[in-house]
Structure formats: structure tokens, C-alpha cells
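S.K.: What shape does this take:
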Amino acid sequence: MKNIRNIGFIAHIDAGKTTTSERVLFYSGRLHRLGEVHDGTATMDWMELEQERGITITSAATTTEWKDHQINIIDTPGHVDFTIEVERALRVLDGAVVIVSAVEGVQPQSETVWRQATRNNVPRVVFINKMDRTGANFENAVHSINEKLKSNAIPIQMPIGSEAEFTGLIDLIEMKAYEYVDENGLNFNEIAIPEELKDESFLARSMLLDSLAEFDDELMTLYLDEKEIPSFLMKKAIRTATIKQGIVPVFCGSSLKNKGVQMLLDGIIDYLPSPIDIEKIPAYDKNGDETSLNVHDENLSALAFKVATDPFVGKLIFVRIYSGTLKSKDQIYNPRTGKTERVGRLLRMNADRREDIEELGPGDIGAVIGAKSFTTGDTMTNKGNSLSLSRVVFPDPVISISLEPKKTADLDKLGESLSKLSEEDPSFKFSVDPETGQTVISGMGELHLDIIVSRLLREFKLDTNVGKPKVSYRESISASSTAEGRYVRQSGGRGQYGHVVIEIEPKKKDKDQILELEDLTKGGSVPKDYHKAVLQGVKEAALNGSIAGYKVIDFHLKLLDGSYHEVDSSEIAFKIAAVDAFRKAFMKASPLLLEPIMDAEVMVREDHVGVVLGDLEKRRGLVYDTKILDDGTRVIKVHLPLSETFGYTTVLRNVTSGTGTSSMEFLKYEKVPEHIKAKISHSAS
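M.R.: Numbers count the residues shown, from 1 in each chain. Coordinates of the predicted model:
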């Protein structure tokens, strides 16, 4: 296990993740010819839609080798609409390479993936890419990492030159310089550190040693005594500091120009953790109490982190093995469903190509055929083992559209196809409106739903009519209120009796959003056996608020009082009473309608700034920051209601003669202005 690295490439869109992955596969011998994103030949962008659009849509897994180490790689999308792919990849990875553009520095999605890595406790290294591009600035990029991501990013390399003059690298550990001499980057010469960079490189090395001293006593002693520090000791300290997330080592290069990737590969081996470095893996016992397992446990513990539908082999379950061994034809147990199944085949994935293998051991990532009851987030284990690994957290969709097949005969086929797509992508949901009979699909953004519609046509041969986008609003409360709910039915024989008094109050946004019931009853007025039914009733009632029928969020529930009947009380009676009480309390609690707000970044030339700002103001945008990049591009950061963003990309392209670009991610829910609330309430009724 000490020779395995499970790593992912994560970054803002167009920072160079897929291009870097392609170089890693080429230099490690997995590929014999370089593919490119811009001409649709990149190995990791294997979907037809990815090749056409030049973006990564789904995370691709592959395995390669470098210096007697096995590296399992997941290349993730950079677009915010596919953030679930990053989340579930980080859930099973031991380390990550964050790619940052030397021109733009840290961008909005860079911040998002950084937070995701922090939440999943994943150590990182940074690769500052595009050192060859006009406007590239290594120092500014490092500064933006430390300033915006609040990290301790420490360069262990320095570039020699930048933009068109970027020719090589200085290794601050060995204090050696390297110059690239061929187009493919396969050959580079060791040269003397350029005279004009000597002082700067010695200062950078001193700063590196200063940061490492607290992580290694031997190094600290040598450093304080001003003695020579051997490179192996520096590497050992960097590894310790990286795994403890005390520092983030920074590399640099240009993946497109084939410079710096071999040194990055060395850094992945030297500094990112192996499975054996992960001492305790969070898990839950059969009672739901938190515990942990370690990689040396004999029982099988594997997490199903992704489902894919393969046209040749059917349902593929991607798994990460945390402990034990999974073999072909083994019996596996699903603690969630209580079902046992037999493994059909085990595969090692190389993007869209598959390689049959006999077993997967601790630390391995692979795919399983034949595990039909398993879905994303399920634990695979042995029968009798009650431990479950923590599940992947999925974001709620923020945008919906209606969908109908052009041929009525395809209605059943549409439901089956959408079921397969939602199983693959848990951030995608669909439902049928009971009143109109329309199919409604929901996702993370316009691009997300556009891709779903395209996949229906290409993969499932389903041509559909698409309705206008619809925002997933939310409802909440701004005051506390108390209400009583009672359900009494007597019709001969045993009746029904449930009676509760509840209070709801606003919950702070930074608190855990899981709804729980706080019991304030006295003297057993509502027996604990019925508390679960009360909570369930409130949860169901909260799915449809009374303003416009949207989900109610951000409230705290208290059970104050109630009564029961020895014979007639039942769970269903208390559930119905709770529904009644919640609906009454909600209308008395100064209800609010909330809309999703997006954190957007718009990049335009200076001569287009006025018209773009004017358009953003019309869309209720709140500009909170602007800056000018070295190449003269203006970056506008703005909070924008999702309802005002539909079609924005096309409008921006038109008013900037095709030069403007934008990206956005969901930020928060905010109160809808009263005049807009009235329109939404009216249309809902």
C-alpha cells in the first residue's frame, strides 16, 4: 500500500486539468501519443459531448505507474454545474493536485474545489500551470493562493522566465536548474542557476526551510545551527507537513508546452499520502454511532462512489477499497438494503477502456459489474460486518425545466432513461407533475440540463421538447410561532387519536441543516414512540410550503406538548396531527420566499465594461469586487439571482463581440423582493 497514490486533478474550468492528466499518462508510459483537449483527442475526455465542447463533464478514472508506484488518477470537471463529480472523487481520494492558472491565479471554482478538499480532509499540492501564457506571473499566483484560500502555499520550485521566455525550472530542494530542450518535454538538461535568479532562489529556499522547521526536529536543529540540510531530510519534512496539511507545496510549469509535469509526478510520489498514511477512516456502526476502521482490518470495507451505465457491460459501480480484499465472484453485502449479491467481474478503468482483474486490495480503485442493488454512497462489505462508511453529500438542484418526448410512444422510455441518468448523477432529479402530467427535470445549472437533454438524444435515441427553465425557490420563516394539531377519528371499533403542540423558530444559516426534533414535553404527554412520527409528519409538510409550494428550509422544531389515547393513538395519527400543526405554525411565523443567489465572475475587455455593468444592474446584480489582470482584462465579481441568469452567456457574447466570458456557482438563498414574491405566489396558485 505504501506504493499506491490515489490522486485527483481539481481546478477552475480551463485551468488545464485534462491536459495535465494527458501529460502524466504520456510521460508514465500509459500513452504513446499525446492527445489534446482542443482537438478532441484527450484520453480522459472520452465522451463525445466532452470532445465536441472541449470541457470535462464526468470524472474519468485511470491507473498508471511512475517509479515503481501505482497512481490511480481521477480527472474531474471544472464547471460548477458538475461539482458533484468533484465531491464524490474527493470523498475517495487520499491526495489532490490543485491546478491554478499562472495568468488568472485563484478563480471562483478554485475556491469551491479547495473548500471541498478541506471538507474531505484531503492533503494537496498546487501546480501553477500556463507559465508560457501572456500575463503569466508566478509570484502573483502564489500570493492569490495564500490570500484567497487562506493556505500556507510554499514554492518548492521557481520558474526560469515566464510567458514566451519560460524555459525551465529551479528545484529549491536540490538547488539545481533544468532547461527543456525538445518539444515533447522528454529531454531536459541540468544547468547552472541563472545569475539573475540566484539571490531570489536562495531567499525562496530559506523561506521553505523556515516553514519546514516546525515539522522535523532534526531539520530544525540543523537550520538553527546554520548547517547544511540534506535534500532527503527536506523531502521527509515536506511530506510530513503536506500530509498534516501544514503546508501546500507549489510546483510550476506548462502542461500544453510539456514542461514541469515529470517533476510534478515526482512530487505526487514524494509528498502526497499513500493509503497507509490514512490512520483512521470514519465509519458508523449498526446503531449509527460514529467509529472508525483502519486499512489493516480484515473485513472488506469499500465505498461505491460512482455509478455509470456502460452500453457493453451494463451497470458499472466504481469503488474504493479501504480494507480487506474484493475478489471476482465474491459475495458482497449492502448494509443499507440488507441484500447480498455476487460480484460478476472486476475492472481496472482507463477512462473508457476496461481491463479485467481478479481482485482489488486496500487502497485500490476499480469498478464492479453485477452489484445491482448498490448505488452512489453505499458500503460494500462482508455479510455480518455492520460497519458503514460515511456517505457522499449531494447538493440540491437549483434549476428545473419541463420535458416531453416528441413521440407519445416514447413516454415509458423517457422514464427509464431518466432513471438511469439520475442513478449516475445524484445531483440530477426528475419527477412527474401530478396535475399536468409533465416530466420535470432538475439540476445544478443550464449547462447541466443541456447535457442531460443531449445525452437523451445521443445515448438513448430520445428526441424531446424542452420547456422554459424554472427556478427552485425555497420557503422559510422569520419569526417563531406555536400551533396545535389534532387528529381524531371514531368510526366504530378502534379509532385514531393524535395531538401535538409544536413550535418552529428560524435556524441560523451556519448551523447543521438536518431537521431534528427538540423534545420539551413533560410527564410523557407524547410518548417517545410517537416522536419519530411527529418528525416525519413535519418533514413531509415542509416539502410543500404554503406561499408557493416550495420546500421549507432553515427552521428548528420543538415539541412542546400534546396528548395520547391508550388504545386509539397510532403513528399515523400523530403524523397527520404534526402535518396540521406545522402548516398552521408556518403561516403564523412571518413566512419568507427565498431565491437562489449565484456568485458570478464576468471577464470582459475594458471597452465593454460599461454595457456589461449596466446589464448586470438590470438583472438585480450586486457587484462586490472588480480587478484588472495584467493583460488588461477586467474581472467583475457579482452576486446574481439565478432567475436573472437564464440566457446570460448568449447576451454577454453578443454585447462583447464574442470576447466576454462568465462562470458562476450557487452561493446562498436570499429573500425575494416583495413585488417578485407576489408574481411567483400568483403563478403558483
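
S.K.: Tyr322 touches Val295, doesn't it?
M.R.: Yes - if you go by CB atoms under 8 Å, Tyr322 and Val295 touch, sitting 6.6 Å apart. No exception for glycine: its C-beta is placed from N, CA and C like everyone else's.

S.K.: Common neighbours of the two, please.
M.R.: 275, 281, 362 (CB atoms under 8 Å, 6 or more residues apart in numbering).

S.K.: Can you report how many residues lie near the last one?
M.R.: Think Pro362. Applying other CB atoms under 10 Å, we find 22 residues neighbouring Pro362.

S.K.: Check Ser454 too.
M.R.: For Ser454, using other CB under 10 Å, the count is 15.

S.K.: So which bits of the helix or strand hosting Ile452 are buried?
M.R.: In the assignment (DSSP states H and E), Ile452 maps to helix 446-460. The neighbour-count criterion (16 or more other CB atoms under 10 Å) identifies 446-453, 455-456, 459-460 as the buried residues of helix 446-460.

S.K.: now the residue nearest in space to the middle of the chain, what's its secondary structure?
M.R.: In the chain, the centroid-proximal residue (CA atoms, centre = their mean) is Glu87; its distance is 2.7 Å. The three-state assignment at Glu87 reads helix, by DSSP: H, G, I helix; E, B strand; the rest coil.

S.K.: Return the residues in contact with it.
M.R.: 116, 120, 392-395.

S.K.: If we use 6 Å, what do you get?
M.R.: Gln116 (CB atoms under 6 Å, 6 or more residues apart in numbering).

S.K.: Show the model's pLDDT score for it.
M.R.: At Glu87, the pLDDT value in this model is 84.

S.K.: where does the stretch 301-450 of the chain have low pLDDT?
M.R.: Counting by pLDDT under 70, the ranges of the stretch 301-450 of the chain that qualify are 311, 351-352, 433-436.

S.K.: Would you state the helices of it in chain order?
M.R.: 411-424, 446-460 (DSSP state H, counting those that start in this stretch).

S.K.: Of all the residues in the first one, which ones are buried?
M.R.: Along helix 411-424, these residues count as buried under the neighbour rule (16+ other CB under 10 Å): 414, 417-418, 420-422, 424.

S.K.: of those, closest to Glu147?
M.R.: Nearest to Glu147, judged by CB to CB, of these is Glu424 at 37.6 Å.

S.K.: Apart from its chain neighbours, what residue comes closest to that closest one?
M.R.: Val307 (5.2 Å; CB to CB, 6 or more residues apart in numbering).

S.K.: Mind listing the residues bridging to the one you found?
M.R.: With DSSP bridges applied, Val307 shows beta-bridge pairing to Ile317.

S.K.: residue contacts, it?
M.R.: Here Val307 is in contact with 317, 376, 423-424 (CB under 6 Å, 6+ apart).

S.K.: Arrange the buried residues of helix 411-424 in JSON lines, one row each, with distance to His499 as further columns.
M.R.: Below are these laid out as JSON lines (distance: CB to CB, whole Å):
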{"residue": "Leu414", "distance to His499": "45"}
{"residue": "Ser417", "distance to His499": "47"}
{"residue": "Leu418", "distance to His499": "42"}
{"residue": "Lys420", "distance to His499": "45"}
{"residue": "Leu421", "distance to His499": "44"}
{"residue": "Ser422", "distance to His499": "39"}
{"residue": "Glu424", "distance to His499": "45"}
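
S.K.: residue contacts, Phe586?
M.R.: Phe586 neighbours (CB under 6 Å, 6+ apart): Ser546.

S.K.: ok but it is inside a strand, no?
M.R.: No - read with three-state DSSP, Phe586 is helix and lies in no strand.

S.K.: measure Thr64 to Ile7 for me?
M.R.: From Thr64 across to Ile7, the span is 11 Å (CB to CB, to the nearest Å).

S.K.: do the same with Leu642
M.R.: Distance from Leu642 to Ile7, by CB to CB: 33 Å.

S.K.: Using CSV, write out every CA atom in stretch 249-268.
M.R.: Once non-C-alpha atoms are left out, stretch 249-268 reads as follows in CSV (Å, rounded to 0.1, in the frame of the first residue of the first chain):
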residue,chain,number,x,y,z
PRO,A,249,4.0,22.6,-1.9
VAL,A,250,3.8,24.6,-5.1
PHE,A,251,5.1,23.3,-8.5
CYS,A,252,5.0,25.2,-11.8
GLY,A,253,5.2,24.5,-15.5
SER,A,254,3.2,24.5,-18.7
SER,A,255,1.3,21.3,-19.5
LEU,A,256,0.4,22.4,-23.0
LYS,A,257,4.1,23.1,-23.7
ASN,A,258,5.2,19.9,-21.9
LYS,A,259,7.2,21.5,-19.2
GLY,A,260,7.3,20.6,-15.5
VAL,A,261,5.0,17.5,-15.5
GLN,A,262,7.7,14.9,-14.7
MET,A,263,8.7,16.9,-11.6
LEU,A,264,5.0,17.1,-10.6
LEU,A,265,4.8,13.3,-10.9
ASP,A,266,7.9,13.1,-8.6
GLY,A,267,6.1,15.4,-6.1
ILE,A,268,3.0,13.2,-6.1
